[in-house]
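Student: I would like to see how this sequence folds:
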Amino acid sequence: MKIRNKSIACFFIIILLVGTFSGCRLIDDIADDLENSQSAVGGKNGLEIIRCLNEHDSEALKELFCELMKRTHDLDSEIENAFGVFDTPITKFDPILVGGEKKNRDGVIIYNYASSSIHNVVSGEKTYTIFFSTYIVNENKNLVGVTCIDIYNADDELICSIGEQV
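Tutor: Numbering: from 1, shown residues only. Next up is the predicted model:
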């Protein structure tokens with residue numbers, strides 16, 4: 001009976017070691033990666049941008065922006081211009097599309113960038129497309145956050161920008 005108990009204990013130790021050295025990750029690490037993925041951040045920011053435009057919530061919209069844009073742009077004025085575009089509530093929009101790019105150097109993330117768009121944004125009788133960019137991770141900590149929101153009309157003409165592409 002003692003040999004069987006030792007065999008079972010050895011089996012579990014081997015399983016633990018194999019799991020440890022085979023790249024298994026803690027659930028918290030995986031959850032953190034998913035929460036900070038391009039899709040998650042782009043989707044969350046897109047919904048918040050729509051909410052802010054609908055409710056004319058300039059403070060919350062400004063809070064999404066990175067420190068560099070807050071210092072170098074008159075975000076209050078640019079946001080007010082966007083509110084003028086959406087003078088009636090947004091009644092519908094297509095699912096948020098998110099793409100992006102991630103760059104590593106020696107196993108360390110240099111930047112993780114999400115480029116997102118929301119098509120067929122309907123406000124009153126007009127239809128718009130909203131493009132926005134977000135740095136999730138960047139060596140330059142001043143760039144973490146939304147860098148720009150561009151609003152295009154149905155003819156694909158840029159009619160309003162908040163911040164800028166970097």
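Student: Now do the helices in this structure.
Tutor: 2-21, 27-35, 38-55, 58-63, 67-72, 75-85 (DSSP state H).
Student: For the ones you listed, which has the smallest mean pLDDT value?
Tutor: Averaged per stretch, pLDDT over those is lowest on helix 27-35, reaching a mean of 49.
Student: How many residues are close by residue 40?
Tutor: Neighbourhood size, residue 40 [other C-beta atoms under 10 Å]: 15. Any C-beta I mention is one placed from the backbone N, CA and C, and that applies to glycine too.
Student: Would you mind measuring from the residue nearest the centre of the chain to residue 165?
Tutor: Residue closest to the average C-alpha location in the chain (C-alpha atoms, centre = their mean): residue 41, at 2.5 Å. When distance is defined by C-beta to C-beta, to the nearest Å, residue 41 is 17 Å away from residue 165.
Student: again with residue 52
Tutor: In terms of C-beta to C-beta, residue 52 sits 20 Å off from residue 165.
Student: neighbour-wise, which of these two wins?
Tutor: residue 52 (22 against 10).
Student: Identify the residues contacting the residue nearest to the more buried one when sequence neighbours are not counted.
Tutor: Nearest residue to residue 52, sequence neighbours excluded (C-beta to C-beta, 6 or more residues apart in numbering): residue 61, at 3.9 Å. Contact partners of residue 61, counting by C-beta atoms under 8 Å, 6 or more residues apart in numbering, are 48, 49, 52, 53, 79, 162.
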